[in-house]
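*Asks:* What would the 3D arrangement of this be:
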Amino acid sequence: ASDRLLDPAQVALLVAGIQSVLSIEEAMDSMTQGGANALQTHADQQRHDLVDLVRLTQTNLTGGERQRVMCSITIDAHTRDVLDKLLRETSLHKSDFQWQSQLKQRFVEKEEAGLVVSQTEVHVCDASFDYGLEYLGNGPRLVVTPLTDRFYVTATQALHLKMGCAPAGPAGTGKTETTKDLASALGKCCYVFNCSPEMDYQSLGNIFKGLAASGSWGCFDEFNRLIPEVLSVCTVQFKAVCDGTTSYDHDSPTHYIMIEGDQINLDPTCGAFITMNPGYLGRSELPEGLKALFRPMTVMVPDLVLICENMLMAEGYVAARSLASKFYGLYSLLRDLLSKQAHYDWGLRAVKSVLVVAGHLKRAEPDLPEEQLLMRALRDFNIPKIVQQDEVVFFGSS
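*Replies:* From the prediction side, this is the model:
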């Protein structure tokens, strides 16, 4: 790697996102003006760029450089899938829903008080948000699946309507992670709070005060573990925030709301997300008044093959698509055929751990066949936890 200073990863990824949207919309414009294959040409070029990025991960990169390249691969792989979908469904105009429903970062020039002001905005359908400009560092980004896209549309519509958002679904489906990733895309700081029956209404009120004053997002994990008495007070606290954002006047220098007797200067870009795992013991039913403040959403099991493929690409595997389907096939078989042990996990978290190990092996021995490297990662990671009665099945299926 060169010794010159690189732009911060967050800035580089934001500019890459803006440029990607710009080039896709330029290709769409040229198609309406008679350039029949403009979008297909752009999709082919984008594929070549993605392969170049995958090869770049196999070179000698520092930790920070590797992280930004992996993020670029994750985002570019999603752009590739979006372009394939647009071409497959012949959604070739900027006004088509398949394009409108994507999360698009744009650099916009507006006129305010006679002056031209430039700012970055994020658009999804008819909702638009100013980019939050919160420093988030050089962290990982989530693999974007069709489920993630639908989550983004629902969550941004909830924020657009000045409501909270309530994703519910089984554990390990990515409710919290997707919320944090949406915050990253919008340049917002997202704080995750693990709710427990010990939390009282005062601590919850303090959290809402902080979110309202700072414009941050709060993700309340397993919200229905709170006791009913606290949930009923929470309805009043969050309604004050919702009412404040709905009646917010941008021309007024200050806008105050009252929470627990304290006057808070409101930042209208704040947001609240509550995640819930239904069907567990010791969970409370949400009060009707609180339900009305949150847009409900059901999150199901994500597309593991797509996630495997993108993560393998980010780790430097060129034959990621075929390896991902084999990987998923193995884990599906293991889940069905092996005995039910408390320490077995064939879900998303386990998959991610194996793929990180596979990436380390790939960088240590880049000349070995990719199938052998992934096989070694799977064996090294899983053999220690397989009980004796399952060894015959495990070694037979793998």
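
*Asks:* Can you report how many residues lie near residue 216?
*Replies:* Residue 216 has 20 neighbouring residues, counting by other Cβ atoms under 10 Å. C-beta here means a position set from N, CA and C on the backbone, and glycine is covered the same way.

*Asks:* Disregarding flanking residues, what is the spatial nearest neighbour of it?
*Replies:* residue 189 (4.6 Å; Cβ to Cβ, 6 or more residues apart in numbering).

*Asks:* Give me the phi and psi angles of that neighbour.
*Replies:* Torsion angles at residue 189 (phi, psi; degrees, to the nearest 10) stand at phi -90, psi 130.

*Asks:* pLDDT score for it?
*Replies:* Residue 189 is assigned 95 on the pLDDT scale.

*Asks:* what ranges do the strands span in this structure?
*Replies:* Secondary structure of the chain (DSSP state E): strands located at 104-112, 115-124, 127-130, 164-168, 190-194, 217-221, 256-259, 262-265, 271-274, 294-298.

*Asks:* And the fifth one, what's buried?
*Replies:* For strand 190-194, a neighbour-count test (16 or more other Cβ atoms under 10 Å) marks 190, 193 as buried.

*Asks:* and that strand with strand 217-221, angle?
*Replies:* Compare the direction of strand 190-194 with that of strand 217-221 by axes from the mean of the first three to the mean of the last three Cα atoms, to 10 degrees and you get 20 degrees.

*Asks:* Tell me the helices and strands packed up against strand 190-194.
*Replies:* helix 175-185, strand 217-221 (3 or more Cβ pairs under 8 Å, 6 or more residues apart in numbering; DSSP states H and E).

*Asks:* tilt between the longest one and strand 217-221?
*Replies:* I take that to be helix 175-185. Following the same axes, to 10 degrees, one obtains 170 degrees for the angle between helix 175-185 and strand 217-221.

*Asks:* For helix 175-185, which outside residues touch it?
*Replies:* Applying Cβ atoms under 8 Å, 6 or more residues apart in numbering, the external contacts of helix 175-185 come out as 17, 103, 105, 122, 136, 139, 141-142, 148, 151-152, 155-156, 165, 167-169, 189-190, 192, 217, 219, 221, 273, 275, 299.

*Asks:* re the thing from before, compare the strands of the chain and report which one is nearest to residue 227.
*Replies:* strand 217-221 (14.0 Å; Cβ to Cβ).

*Asks:* List the neighbouring strands of the closest one plus their orientation.
*Replies:* Strand pairing for strand 217-221, using DSSP bridges, gives strand 190-194 (parallel), strand 271-274 (parallel).

*Asks:* Figure out which of the ones you listed is closest to residue 202.
*Replies:* The nearest among the strands paired with strand 217-221, by Cβ to Cβ, is strand 190-194 at 14.1 Å.

*Asks:* Of all the helix elements in the protein, which one is longest?
*Replies:* In the chain, with assignment by DSSP state H, the single longest helix is helix 63-88.

*Asks:* elements contacting that one?
*Replies:* Under the contact rule (3+ Cβ pairs under 8 Å, 6+ apart), helix 63-88 is packed against helix 9-32, helix 38-56, helix 97-100, helix 304-314.

*Asks:* now with 10 Å?
*Replies:* Secondary-structure packing of helix 63-88 (3 or more Cβ pairs under 10 Å, 6 or more residues apart in numbering; DSSP states H and E): helix 9-32, helix 38-56, helix 97-100, helix 146-160, helix 175-185, helix 304-314, helix 348-364.
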